[in-house]
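Undergrad: compute the structure for the input listed below.
(chains A, B and C, ligands or ions: 6)
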Amino acid sequence: MIVPEAAPLVEADGLVKHFGGGKGPFTPHRPPVRAVDGVSLTIRRGETLGLVGESGSGKSTLGRLILRLIEPTSGSVTFDGQDIAQLTKRELTQLRKRMQLVFQDPFSSFNPRMTIAQVLTEPMVVHGMGDRESRTRRAKELLDLVGLPSFAMERYPHQFSGGQAQRIGIARALATDPDLIVCDEAVSALDVSVQAQVLNLLKEVQRELGLSYLFIAHDLNVVRYISDRVCVMYLGKLAEVAPADDISERPQHPYSQALMASIPSPDAHHQLRTPLAGEIPSPRRPPSGCRFHPRCAQSVDGCDRDEPELLTIGHDGDARSVACHLFDPTPAR
Amino acid sequence: MRAPARSADEPLLRVEDLHVEFRTGGGTVEALNAVDLWIDAGETVAVVGESGSGKSVTALAVLGLLGNGRVSGGRITWDGKDITGASNRDMRTVRGNDISVIFQDPMTSLDPLFTIGHQLVEAYRIHHDVSKREARERAVELLDLVGIPEPAAKFKAYPHQLSGGQRQRVMIAGALACDPRLLIADEPTTALDVTVEAQVLALIRDLQERTGVGLMLITHDMGVVAEMADRVVVFYAGQVVETGTADEILDRPQHPYTRALLEAIPRRDTPRDQEMPAIPGAVPALDEMPTGCRFVTRCTEAAPECESAQTLRDVAGRQVRCWRPDEDHGVLAPMAEVAG
Amino acid sequence: MLLYAGRRLTYGLLVLALVATLVFLIIRLIPGDAVRLQMADAPGVTQAQIDQRTAELGLDEPILSQFGHFVGGLAQGDLGTSFDDERPVTTKILERLPATLELGLLAILFGVLLGVPFGMLSAIRHHSVVDNVMRFLAVIGMSVPNFWLALLLITFLALWFGWSPPLVYASPAENLGQNLVHMLLPAIALGAATMASIARMLRSSLLEVLGSNFVRTIRSRGASERVVVLKHAGRSSMIPVFTVLGLQVGHILGGTVILERIFAIPGMGSLIFEAVGQRDYPVILGCVIFYGAIFILVNVVVDLLYAVIDPRIRYKGASA
Ligand SMILES: Nc1ncnc2c1ncn2[C@@H]1O[C@H](COP(=O)(O)OP(=O)(O)OP(=O)(O)O)[C@@H](O)[C@H]1O
Ligand SMILES: Nc1ncnc2c1ncn2[C@@H]1O[C@H](COP(=O)(O)OP(=O)(O)OP(=O)(O)O)[C@@H](O)[C@H]1O
Ligand code: SF4
Ligand code: SF4
Ligand SMILES: [Mg+2]
Ligand SMILES: [Mg+2]
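TA: Ligands and ions are numbered 1, 2, ... in the order given. Below is the predicted model of the structure:
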């Protein structure tokens, strides 16, 4: 599925996003929230890149940075060879067509007074695509693609179940024929039976249209199932990036290992998981050195002082990157 | 392992053929239609099912906290006493004292305007006529019990100063303040990260071993069921469709819905190049319920027999609401090894 | 907390300065001119006399320099002297302030003492007959103008009971009984809208809180409805009620202008009424600044009350 030679669709380089940090006349100084703190990654064409991590680790912020819905504090994003920070307004609008976002709660992202036909044609109108007739035709095609009958066109969002509404959300994202869709917890609120439907739909659409996903979720098994590669994020930084099966079978970073060990499994009867101690620290005051060190069971001398770099072994589809002092990047031969 | 069929002794809690209606703008809707379950002392019963299937309503009905809803049929028995439709005054002596509950969302389930210490003291003093000082000691002891660091200092903290995991610990402390005999945990970890979920479940297990409290654990996560439950009750569209021991339900599910549900869960080793076995369609709306088997619109094994109403029958040592399985065959179709 | 209070107060002062500037400019736009109004009726007034008087009052200077004098005086707590009787504006206002404060406080008392129980009852028995009647009354209370309500009260009391309010004002020090009887009707007329808005706001906020998750938790622990409603839900629903109260103070202050007139109460309201009639700019300005200051002070107190009630606001303000 992945063509290694082709240039990646998205390249993020050293992305940083800090929020707040008061210095107004009445607000005493406080450090900013380091929501994303130096993240580099690539998303290849036709690939699904998974993104997991605890709540507050910066997943949504990273997704919004890549879509340029917010401005980075520093760092750059290249989309299909163009630095998106350098684009003119017009070029940016052109680019918006090619990247879309699907949210967790489909209902809150629809105008309740719009029919589904309006919901689906709106992005095409915004981007000046086609005439009224061809837009309606395309909306019908999209509904068909996501497995909804065409009489849904005249209905309103509240007349659909959660799973159906999420299908509509996906159809709307597909309306402008994008190259990239960021799915931010897109299946997290759905029941398992319906979640499976939507996962299948996402895969099928990708097979047919060849687009890329950045798939953000906190359910590791879901992410592993849908992704080609998975990034594990901790406190605004990447802890590990590896092929999906590797990360679940052979996690290298102690945090990835702890995360994998804490997935409850229906097959493990009466086995208590070994909980990872403590909770994720405040991104305002991240721990020194390796940010994971206060919770790491394997920490060694110097972990609280020196920040480990994200080091990579292997190439292309097999590449694996880990940010931990215990990781030995020289290939064992 | 526990006896799979109805226990011989009177259980702690028994719910029989429970029906619950809600008055809404457009008339009444029936949220529960025939719910049967029982919980023995010290036992952990997992209640699973899709969103809207009636899990929380069952818990609220047991506590008499239905608000604009009412029990329209059936019986709830607590410790041999019929408490169906008991007065608010009578139920108040049960709530918190005999039966306690932890709700799903720890972020909004504590009063933001009072310290957590105050709320624990209050919980204890509702059922114990003790001085503020004694109650205070108990509160600090409870905070310590649920693993809050520096309990005496945290006593003065407000809910917004705690993380989600810590708030859920405080909720557990409040629920256990009066040593109840049954703890109802309504999706206690759904809002938490997996790492924190593991901590909270380990805490509940530990407290259960120490105090012998019975647990009704409402969840939609089969992984949590496997980890915690002795028995499982599966809900679908306001009815119980299957009950049995956790091992039986997870390894040899009988009802087509339970089987499909277990298959639809992505696992660590689900092949990534295959489709997920999803259940087609969605749960029918309350006002569009089929008159026969409620799963008929989505069941891959539906047949003409399914048009008639199904009852919960004893089958192969458990209860199933489907005419198909019979004791000789147990599992009917050669299903893929679900627990594999 | 102190920091929070300081910040609120600073904002309040800024708003007050803005209001004073605007009013200074706006009253010059009212048609009519102070000097002509004062002297026009006197026979044989010459243009020279008018000009001289204008110069005495400083009205011949450019508006900017007039404004400069005004601000300079204000900075020293001096609001200037009245055009009418040349007494210091501050003295005139301070004479009239007590009656207005008394009336305002009585109106608020009436509004709170009735609005709070009505709102609570309405929420606890929502959709009952009691609730529907109260909601109907609340809508009326909010939409009927206070002077009209006052006239209505006077008329009906006179018709049915042959009773009419005393016409001569007595200060509470002179004759407390007569004073209270005098104040009763205007306080009710003024406080009716406050009562109605408090009842409405309390009803809706209490209903919302009673359906919230934490109230469910408290009920699930076996707490009595008294504890649930009065202690927990009541406290949470006070915040929007205080907001309403802060805004109502504005309505009440505005209402005093006409009601004091109707009931012949020598307060700031009637003072401003007279001053507008005579284009007595310093008095108008002084009154507006006093009204503004009271309103802003009340709302600063309301903001501080939020912080007292809600620890989330308290801590955000303090340890931010
Ligand atoms: N607009 C904002 N202003 C200030 N802080 C923000 C803002 N958006 C996010 N943050 C903070 O940045 C951090 C990362 O947030 P983000 O939403 O990216 O996390 P996440 O990994 O998506 O978490 P979740 O799993 O809870 O969705 C958090 O601490 C959050 O509070
Ligand atoms: N107060 C209410 N008024 C009207 N209908 C209600 C009310 N409470 C619950 N219901 C309905 O009762 C049904 C069962 O709801 P319940 O909350 O028990 O579901 P659940 O199984 O707990 O789902 P979830 O997993 O989403 O918590 C739903 O269809 C719901 O809409
Ligand atoms: S660098 Fe040290 S503290 Fe960090 S994950 Fe590796 S071993 Fe643990
Ligand atoms: S009764 Fe019929 S439709 Fe219902 S679960 Fe059994 S086989 Fe399926
Ligand atoms: Mg997020
Ligand atoms: Mg529920």
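Undergrad: ranges for the helices of the chain?
TA: Since you didn't name a chain, this refers to chain A. Under the criterion DSSP state H, chain A contains helices at A:59-66, A:89-96, A:116-126, A:132-145, A:162-174, A:192-209, A:220-226, A:244-249, A:254-261.
Undergrad: actually, chain C is the one I wanted.
TA: Using DSSP H, helices in chain C cover C:2-27, C:34-39, C:47-56, C:63-75, C:89-124, C:129-143, C:146-161, C:176-210, C:213-220, C:225-226, C:234-262, C:268-277, C:281-309, C:311-319.
Undergrad: to ligand 1, which of the ones you listed lies closest?
TA: helix C:311-319 (13.5 Å; CB to the nearest ligand atom). In short, each C-beta sits where N, CA and C put it, glycine included.
Undergrad: now do the closest one, average pLDDT.
TA: Per-residue pLDDT values over helix C:311-319 give a mean of 68.
Undergrad: ok, now stretch A:310-317?
TA: pLDDT averaged over stretch A:310-317 gives 84.
Undergrad: most centrally placed residue in the chain?
TA: The chain I'm using is chain A. For chain A, the residue nearest the mean C-alpha position is residue A:216 (3.4 Å; CA atoms, centre = their mean).
Undergrad: could you do chain C instead?
TA: Mean-position check on chain C, CA atoms, centre = their mean. Result residue C:253 at 2.6 Å.
Undergrad: now do the contacts for residue A:209.
TA: Residue A:209 makes contact with A:174, A:177, according to CB atoms under 8 Å, 6 or more residues apart in numbering or on different chains.
Undergrad: make it 10 Å
TA: By CB atoms under 10 Å, 6 or more residues apart in numbering or on different chains, the contact set of residue A:209 is A:46, A:145, A:174, A:177-179, A:181.
Undergrad: looking at neighbours, which among those is most surrounded?
TA: Neighbour counts for the contacts of residue A:209 (other CB atoms under 10 Å in any protein chain shown) peak at residue A:181, which has 24 neighbours.
Undergrad: pretty sure that one contacts residue A:216?
TA: No - at 11.1 Å, residue A:181 does not count as touching residue A:216 under the criterion of CB atoms under 10 Å.
Undergrad: okay, and the common contacts of the two?
TA: Shared contacts of residue A:181 and residue A:216, counting by CB under 10 Å, 6+ apart, come down to residue A:102.
Undergrad: can I get the helices of chain A in TSV including mean pLDDT?
TA: Below are these laid out as TSV (pLDDT from 0 to 100):
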stretch	mean pLDDT
helix A:59-66	96
helix A:89-96	89
helix A:116-126	93
helix A:132-145	91
helix A:162-174	90
helix A:192-209	91
helix A:220-226	94
helix A:244-249	92
helix A:254-261	93
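Undergrad: which residues are in contact with residue 270?
TA: Reading this off chain A. Going by CB under 10 Å, 6+ apart, residue A:270 touches B:205, B:226-230, B:246-247.
Undergrad: sorry, I should have been clearer: chain B.
TA: By CB under 10 Å, 6+ apart, residue B:270 lies in contact with A:196, A:199, A:221-222, A:224-225, B:263, B:276-277.
Undergrad: the residue nearest to the centre of chain C and residue B:41: what is the separation?
TA: 66 Å (CB to CB, to the nearest Å).
Undergrad: same question, residue C:127
TA: Following CB to CB, the distance that separates residue C:127 from residue B:41 is 41 Å.
Undergrad: what about the two, which has more around it?
TA: With neighbours defined as other CB under 10 Å, residue C:127 and residue B:41 compare such that residue B:41 has more, 15 against 10.
Undergrad: what sits closest to the residue of the stretch 51-200 of chain A found nearest ligand 2 if chain neighbours are left out?
TA: For the stretch 51-200 of chain A, the residue closest to ligand 2 is residue A:191, as judged by CB to the nearest ligand atom, at 7.9 Å. Among residues not flanking residue A:191 along the chain, residue B:50 sits closest, at 4.5 Å (CB to CB, 6 or more residues apart in numbering or on different chains).
Undergrad: pass me the low-pLDDT residue ranges in the stretch 1-150 of chain C, would you?
TA: C:1, C:31-32, C:34, C:39-43 (pLDDT under 70).
Undergrad: show me which residues of it are close to chain B?
TA: Neighbours of chain B within the stretch 1-150 of chain C, by CB under 10 Å from any CB of the partner chain: residue C:127.
Undergrad: if we go to 8 Å?
TA: Taking CB under 8 Å from any CB of the partner chain, no part of the stretch 1-150 of chain C reaches chain B.
Undergrad: who in the stretch 1-150 of chain C is up against ligand 3?
TA: Within the stretch 1-150 of chain C, no position is near ligand 3 by CB under 6 Å from any ligand atom.
Undergrad: I'd like the distance between whichever residue of the stretch 1-150 of chain C sits closest to chain B and residue C:203.
TA: Relative to chain B, the nearest point of the stretch 1-150 of chain C is residue C:127 (9.9 Å; CB to the nearest CB). The gap separating residue C:127 from residue C:203 is 11 Å, by CB to CB.
Undergrad: same thing with residue A:201?
TA: The gap separating residue A:201 from residue C:203 is 46 Å, by CB to CB.
Undergrad: who has more neighbours out of these two?
TA: Between residue A:201 and residue C:203, counted using other CB under 10 Å, the more crowded position is residue C:203 (24 against 20).
Undergrad: got the contact list for the closest residue to the more buried one other than its chain neighbours?
TA: Among residues not flanking residue C:203 along the chain, residue C:122 sits closest, at 4.3 Å (CB to CB, 6+ apart). Each residue near residue C:122 by CB under 8 Å, 6+ apart is listed here: C:130-131, C:134-135, C:199, C:202-203.
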